[in-house]
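Colleague: here's my sequence, what's the structure:
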Amino acid sequence: MSTYIQLDQHDGIAHITFARPERLNAFNFDMGRQYRDACLAAVADPHTRAILITAQGPSFCAGGDVLAMAESKAPGSAITDSARVINEGILALTESPIPVVAAVRGAVAGGGIGLMLAADYVIAGAGLRVAGKYADVGLSPDLGVSTLLARAIGERRALQLMLTNRELDADQALEYGLVAEVAQNADVSARKIAERWVGSASGALGQAKRLIRAHSQRPFAESLDDEAVTIGEAYEREEAKTRIGAFAAASAQRKESR
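Modeller: Numbers count the residues shown, from 1 in each chain. Below you'll find the predicted structure:
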């Protein structure tokens, strides 16, 4: 079996790379299984403090491999099963309290949008082109696109993007809120973000991610109570005690120097 997804776990960073550049990193059945396995392994490793997602070649992900679908003559049930396998990887990333950063460029189409939005922080490179493209091949959104896209940019804009052939470039994706920033070298910028997370209070960052990701799935009162319990638990951890002590010491030093 070819290796379409690479996983490198080093120095607290789990680096997932899409490695099918000759097909614009479009997912076939094997790539979907490898993606699921890599995501599960990344979040299960107790040493992982940040997850970095990049892609080989000119494009991040062109969605599903339509040519492979046509060649395989697979029934709809096989497509459903494959989507569910990939969904396991997406859920692993979005439900884990480990922050995820992705570097995207070139084509991000169809399900590639869902894979992009499974990351918590997205950096776009020049040449980015985001488009639905589902209707072009008579298919409907998958891999979380209908939900994650609407959450990211709002229902009306999500509808506009899915119901037309409109493409967004990097600057437009930034304006829409699909990406956090545009960089000359998105891969380098994304790794710097991951390294910064490893060196920071990653436990606190992870809980912030978890709380924000969960807000739309429950009543406000439940979110308030979760916040209250979580900050109390964070306060008891050594990480917070050390940082609070350092903040207090620095504050006292500033007063003395005045």
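
Colleague: contacting residues for Asp37?
Modeller: Taking C-beta atoms under 8 Å, 6 or more residues apart in numbering as the criterion, Asp37 is in contact with 5, 89. C-beta: built from backbone N, CA, C; applies to glycine.

Colleague: what helix or strand is it on?
Modeller: Using DSSP states H and E, Asp37 falls within helix 29-44.

Colleague: chain center to the helix or strand hosting Gly245: distance?
Modeller: Take DSSP H and E as the rule and Gly245 turns out to sit in helix 238-257. Mean-position distance between helix 238-257 and its chain equals 34 Å (C-alpha atoms, centre = their mean, to the nearest Å).

Colleague: so which elements touch it?
Modeller: helix 202-214 (3 or more C-beta pairs under 8 Å, 6 or more residues apart in numbering; DSSP states H and E).

Colleague: quick one, the helix it packs on and helix 238-257 angle?
Modeller: Orientation check (axes from the mean of the first three to the mean of the last three C-alpha atoms, to 10 degrees): helix 202-214 against helix 238-257 gives 110 degrees.

Colleague: what's in contact with helix 202-214?
Modeller: By C-beta under 8 Å, 6+ apart, the list of residues contacting helix 202-214 from outside reads 12, 49-50, 94-99, 120, 197, 223, 226-227, 230, 234, 237, 239-240.

Colleague: circling back to that earlier point, what are the buried residues along the helix holding Gly245?
Modeller: Of the residues in helix 238-257, Ala240 count as buried by neighbour count, 16 or more other C-beta atoms under 10 Å.

Colleague: just the mean pLDDT for it, thanks.
Modeller: The average pLDDT within helix 238-257 is 84.

Colleague: stretch 79-91 now?
Modeller: Mean pLDDT, computed over stretch 79-91, is 94.

Colleague: buried residues in that stretch?
Modeller: Buried residues in stretch 79-91 (16+ other C-beta under 10 Å): 79, 82-83, 85-87, 89-91.

Colleague: what does stretch 90-110 give?
Modeller: Neighbour-count burial for stretch 90-110, counted by 16+ other C-beta under 10 Å, picks out 90-94, 96-110.

Colleague: over to stretch 7-24?
Modeller: Across stretch 7-24, burial judged by 16+ other C-beta under 10 Å covers 7, 9, 12-20, 23-24.

Colleague: all strands for the chain, in order.
Modeller: Ranges of strands in the chain, per DSSP state E, are 5-10, 13-18, 50-55, 100-104, 107-109, 121-125, 129-131, 181-183.

Colleague: now Ala173. Nearest residue, chain neighbours left out?
Modeller: With sequence-adjacent residues excluded and distances taken as C-beta to C-beta, 6 or more residues apart in numbering, Ala173 is closest to Val179, at 4.8 Å.

Colleague: wait, that neighbour sits on Ala119?
Modeller: No. Contact criterion C-beta atoms under 8 Å: Val179 and Ala119 do not qualify, at 9.7 Å.

Colleague: redo the buried residues of stretch 79-91 as TSV? Include distance to Ile212.
Modeller: Shown next, in TSV, are those (distance: C-beta to C-beta, whole Å):
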residue	distance to Ile212
Ile79	32
Ser82	29
Ala83	25
Val85	26
Ile86	23
Asn87	20
Gly89	20
Ile90	17
Leu91	16
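
Colleague: so who does the residue nearest to Ala173 touch?
Modeller: Shown in contact with Val179 (C-beta under 8 Å, 6+ apart): 104, 122-124, 128, 170, 173.

Colleague: got TSV for these, with pLDDT too?
Modeller: Shown next, in TSV, are those (pLDDT from 0 to 100):
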residue	pLDDT
Val104	98
Val122	98
Ile123	98
Ala124	98
Leu128	97
Ala170	96
Ala173	97
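
Colleague: can you flag the buried ones in those residues?
Modeller: 104, 122-124, 128, 170, 173.

Colleague: of all the residues you listed, which comes closest to Lys73?
Modeller: Distance to Lys73 across the buried ones among the contacts of Val179 (C-beta to C-beta) is lowest for Val104, with 31.6 Å.
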